[in-house]
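>>> Fold the stuff below for me.
(one chain, ligands or ions: 2)
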Amino acid sequence: MKVGIVGSGGREHALCAILKKSNKINEIYCFPGNAGTSNIAQNIDLNSNNFEDLKNFILKKEIDLIIIGPEKPLVEGIVDYFEKHNIKVFGPDKIAAQLEGSKIFTKKICQKFKIPTAKFGIFQNKKDSKKFLENWSYPAVIKADNLASGKGVYICDNLKDSDTAINEIFDGKFGVAKNILIEEFLEGEEMSFFIISDGKTFKCFGTAQDHKRVFEGDKGKNTGGMGAYSPSRLFSKKLEEKIIKKIIKPTILGLSELGSNYKGFLYAGLMIVNNEPYLIEYNVRMGDPECQTILPRLKSDLAMIIDSCCNEKLDRMSIEWEDNKSLCVVLCAKGYPDSFKKETEIPNLDNILVNTDDYLFHAGTKKINDKILVNGGRVLNFVSVSDNFYDARKKVHKIIEKVNWTDGFYRKDIGYKVIDK
Ligand code: AMP
Ligand code: GLY
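Ligands and ions are numbered 1, 2, ... in the order given. As a prediction, this is how the structure comes out:
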């Protein structure tokens, strides 16, 4: 089978590396990929927002199956477009992708199907939003409706903070804002919960906990994710049953009433409050770096699982996991998530991995004349699996210390809640 992967981050390198292990796969193309994927697949320098160029290449090369990594093309309807051209594609259609593309779309599904979530109000202008908050007992959570790469969420402790949030959102910081979402603040512990679905059947696809803040102790600005561990420490069979019954099943039903059978990975961002799950957000894809953290624990053949989803035969597959722990640390360029130096050279990374249960996934890198250069704020992902989180993190740190790159930084406390108790 020839497979194509759309995207260029650590998530896509991990998908590529794990697919590569399958004996069903002969060729992998990455659109556009990164320096890491170029070692194991063919990078094709096409813009992932130009659906027509991608389609022409895919048809010409007779690629059997396309996997969409990031949210932007999904929200813009790449799956509908490819299916119209008879390309087999793994990911949700444009209707379903609104779960990530519009927080208000998701809240309306929650309302209709009584899915547990933070209480909320939706407002169309600054005046009504501010009036609603006049008698609010803070904190308040204020969100832009549209895709904002994780940046359109404000946790406000007082009226001054909420005024700033409302002004920034309606003044267009995240694009034209017709609506704003104001939510109660949920106090609990977060958990990322994943499923994979073929439109008829879904199966659980692991849990993880990521660290979104840039500095140790979960301080500083929000980022795409500085590291993660899997499984989540909150996981239990009983909690899983509640999540499926109260959150996942009603969501899939709600989408089917809108004419969409969910196909792809679905990522539920949950707040667990006194052992009860509340939905904070949906992402219509694997998480990054959760994907890099979860996939090394997968025993079953990823290519067969994804192919069976595209043929509506997931019910025939059993998805097996190793009974171990995985931990991922993201090495970033100094300055991230604000400005950082691009195109600095990363030293030779050959031979830094010695064990089969250690992984190095590239994220913001590109290869020019055999040199690896920085091409994004989150640069490299180091993952280790072990029978405990402490050893996994120790192994990751040992490997990162071998990378002789002075322009990078990483959080040394990833997994502190499960390690440094
Ligand atoms: P989101 O992009 O909606 O996942 O929000 C980003 C982060 O903001 C989440 O990962 C949570 O840490 C936090 N957050 C969002 N909504 C709430 C809420 N209602 N209560 C508490 N924290 C929240
Ligand atoms: N790690 C968070 C995300 O992928 O959205």
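
>>> Buried residues of stretch 309-318, list them for me.
Residues of stretch 309-318 classed as buried by neighbour count (16 or more other Cβ atoms under 10 Å): 309, 310, 314, 317. Every C-beta, even on glycine, is put in place using the N, C-alpha and C of the backbone.

>>> Sticking with the residue of the stretch 251-400 of the chain found nearest ligand 2, tell me its helix or strand.
Of all residues in the stretch 251-400 of the chain, residue 287 sits closest to ligand 2, at 3.5 Å by Cβ to the nearest ligand atom. According to DSSP states H and E, residue 287 maps onto no helix or strand at all.

>>> Quick one: residues contacting it.
Residues counted as contacts of residue 287 (Cβ atoms under 8 Å, 6 or more residues apart in numbering) are 11, 192, 194, 208, 210, 225, 228, 267.

>>> Those residues: which two are farthest apart?
Largest separation among the contacts of residue 287 by Cβ to Cβ: 194 and 225, giving 14.1 Å.

>>> the more surrounded of the two?
Neighbours were tallied for residue 194 and for residue 225 using other Cβ atoms under 10 Å; the higher tally belongs to residue 225 (25 against 22).

>>> element containing that one, please.
With DSSP H and E as criterion, residue 225 is part of no helix or strand.

>>> What score does it have for pLDDT?
We have a pLDDT of 94 for residue 225.

>>> From residue 355, how far out is it?
Separation of residue 225 from residue 355 (Cβ to Cβ, to the nearest Å) stands at 24 Å.

>>> same question, residue 43
27 Å.

>>> and what of residue 72?
For residue 72, the distance to residue 355 equals 35 Å [Cβ to Cβ].

>>> Just want to know which of the two has more residues nearby.
residue 72 (19 against 11).

>>> helices or strands next to the helix or strand hosting that one in the packing?
Residue 72 belongs to helix 71-75 when assigned by DSSP H and E. The helices and strands touching helix 71-75, judged by 3 or more Cβ pairs under 8 Å, 6 or more residues apart in numbering; DSSP states H and E, are helix 94-101.

>>> how far out from the middle of the chain is the helix or strand following the helix it packs on?
Toward the C-terminus, helix 94-101 is succeeded by helix 103-113 as the next helix or strand (DSSP H and E). The gap between where helix 103-113 is centred and where its chain is centred comes out at 21 Å by Cα atoms, centre = their mean, to the nearest Å.

>>> Contact residues of the protein facing ligand 2?
150, 210, 225, 283, 287, 288, 290 (Cβ under 6 Å from any ligand atom).

>>> is it true that residue 94 touches residue 75?
Yes: between residue 94 and residue 75 there is a contact at 7.4 Å, judged by Cβ atoms under 8 Å.

>>> give me phi/psi at residue 216?
phi -60, psi 150 (degrees, to the nearest 10).

>>> pLDDT score assigned to the nearest residue to it once chain neighbours are set aside?
Leaving aside its chain neighbours, residue 216 sits nearest to residue 413 (4.6 Å; criterion: Cβ to Cβ, 6 or more residues apart in numbering). Per-residue confidence at residue 413 stands at 98 (pLDDT).

>>> for residue 413, helix, strand, or coil?
Here residue 413 is coil, with the state taken from DSSP: H, G, I helix; E, B strand; the rest coil.

>>> Now do the contacts for it.
Residue 413 is in contact with 216, 217, 420, counting by Cβ under 8 Å, 6+ apart.

>>> Top of those residues by number of neighbours, please.
Of all the contacts of residue 413, residue 216 has the most neighbours under the rule other Cβ under 10 Å, reaching 15 neighbours.

>>> Now do it against residue 145, distance only.
As judged by Cβ to Cβ, residue 216 and residue 145 stand 32 Å apart.

>>> before we move on, back to that, higher neighbour count, residue 94 and residue 75?
Between residue 94 and residue 75, residue 75 has the larger neighbour count (other Cβ under 10 Å), namely 20 against 16.

>>> Neighbours of the nearest residue to the more buried one once chain neighbours are set aside, how many?
Nearest non-adjacent residue to residue 75, counting by Cβ to Cβ, 6+ apart: residue 101, 3.8 Å away. By the measure other Cβ under 10 Å, the count of residues near residue 101 is 20.

>>> I'd like to know how far residue 101 sits from residue 282.
10 Å.

>>> What of residue 312?
Distance, residue 312 to residue 282, using Cβ to Cβ: 22 Å.

>>> The residue nearest to residue 75 and residue 71 touch, don't they?
Yes: judged on Cβ under 8 Å, residue 101 makes contact with residue 71 at a distance of 7.5 Å.

>>> Mind listing the shared neighbours of these two?
By the contact definition Cβ under 8 Å, 6+ apart, residue 101 and residue 71 are jointly contacted by residue 147.

>>> quick check: mean pLDDT across stretch 230-250?
Average pLDDT, stretch 230-250: 97.

>>> Cheers, nothing more for now.
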